[in-house]
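Trainee: give the three-dimensional model of this entry:
(one chain, ligands or ions: 2)
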Amino acid sequence: MSRIAQIRQNILKKNDLLAAELRTAFASTGVTVMNLVSSPGAGKTLLLESTLRQLQPKYAVAVLVGDLATDRDAQRLSRAASRVQQITTGTVCHLDADMIAAAIKGWPLDAIDFLFIENVGNLVCPASYDVGETARVVLLSVTEGEDKPLKYPTIFNGADFALITKMDLAQAVGFRRDEVHANVHEVAPALTIREVSAKTGEGIESWLRTLEEIRNGSAALS
Ligand SMILES: Nc1nc2c(ncn2[C@@H]2O[C@H](COP(=O)(O)OP(=O)(O)OP(=O)(O)O)[C@@H](O)[C@H]2O)c(=O)[nH]1
Ligand SMILES: [Mg+2]
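Mentor: Ligands and ions are numbered 1, 2, ... in the order given. Modelled structure (predicted):
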């Protein structure tokens, strides 16, 4: 193995160990952690804005949001949830377990029901980094092209759940539903796919139900 490959393997190993510690801490304090991954602009923040508003009356919800620069998403989300923190990664194209551990230091985990982690918009790097989540959700919008699962198989293969977003635009862009489902299942045969529009609310109830099922352990995840 080359020296670079060895260093990379060691970094991932260290990340996995810390992620396992985080997962134990989240499980023992009853926090359901959702890691949202997608390409830039697939609709993670808009979906979260709608999700938080609807979960808040019943659950205590917190959010960590990763971007290379700016706290724009945290500002958007802080209108919908009380505990929101931006992680700016500089040039790093993913969130890792270390960043999550640092961000939640001092947080009363016992008092949090759901923690949403909006990962850096990117279909490559976040696939390799476990952040201690309960479930990883990959979002793919109808405008991105039906071939994306075939081109970026790792992020689909590593996800527990897939959401096709911006369904309100499906007809306008000639979205080929069957082709996307077939492509997702070619690289991740057991992945459950749901379709949503954060703009119109289509599919949001089913998504909220899925979140509750993940929390109570009854969801059929891949
Ligand atoms: N029509 C439509 N537009 C949407 C929907 N969801 C998001 N958008 C729009 O798509 C753009 C990107 O949405 P964001 O929620 O910011 O996407 P994101 O995945 O958080 O983007 P990054 O954080 O930059 O990776 C915005 O202009 C949204 O208004 C949707 O369901 N329908
Ligand atoms: Mg965002």
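Trainee: name the element the residue nearest to the spatial centre of the chain belongs to?
Mentor: By Cα atoms, centre = their mean, the chain has its centre lying nearest to Leu36, at 0.9 Å. Using DSSP states H and E, Leu36 falls within strand 32-37.
Trainee: which residues touch the residue in the chain positioned nearest to ligand 1?
Mentor: Per Cβ to the nearest ligand atom, the residue of the chain with the smallest distance to ligand 1 is Gly121, at 2.4 Å. Where you see a C-beta, it was placed from the backbone N, CA and C, and this is true even at glycine. Counting by Cβ atoms under 8 Å, 6 or more residues apart in numbering, Gly121 touches Ser38, Ser39, Pro40, Gly41, Ala42, Lys44, Asp67.
Trainee: and it, its phi and psi?
Mentor: Per-residue torsions, Gly121: phi -70, psi 110 (degrees, to the nearest 10).
Trainee: coming back round to it: top of the contacts of Gly121 by neighbour count?
Mentor: Among the contacts of Gly121, the one with the most neighbours (other Cβ atoms under 10 Å) is Ser38, at 28 neighbours.
Trainee: between strand 32-37 and the helix or strand of the chain with the lowest mean pLDDT, find me the angle.
Mentor: Across the helices and strands of the chain, mean pLDDT, DSSP states H and E gives its lowest value to helix 3-29, namely a mean of 92. Angle between the axes of helix 3-29 and strand 32-37 is 150 degrees (criterion: axes from the mean of the first three to the mean of the last three Cα atoms, to 10 degrees).
Trainee: quick one: residues contacting the residue nearest to the centre of the chain.
Mentor: Lys44, Leu47, Leu48, Phe116, Ile117, Glu118, Asn119, Val137, Leu139.
Trainee: list the contacts of the third one.
Mentor: To tie it back to what came earlier, the one meant is Leu48. So, once contact is read as Cβ under 8 Å, 6+ apart, Leu48 ends up touching Leu36, Val63, Leu77, Ala80, Phe116, Glu118.
Trainee: can you get me a residue count around Ala103?
Mentor: For Ala103, the count of nearby residues is 18 (other Cβ under 10 Å).
Trainee: just to revisit the earlier point, can you spell out which helices and strands pack onto the least confident helix or strand of the chain?
Mentor: The contact analysis (3 or more Cβ pairs under 8 Å, 6 or more residues apart in numbering; DSSP states H and E) places helix 3-29 against strand 32-37, helix 97-104.
Trainee: does anything pack onto the last one? Which helices or strands?
Mentor: Read that as helix 97-104. Checking 3+ Cβ pairs under 8 Å, 6+ apart, helix 97-104 ends up next to helix 3-29, strand 61-67, strand 83-88.
Trainee: and the helices in this protein?
Mentor: 3-29, 44-55, 72-77, 97-104, 148-151, 153-157, 177-187, 204-216 (DSSP state H).
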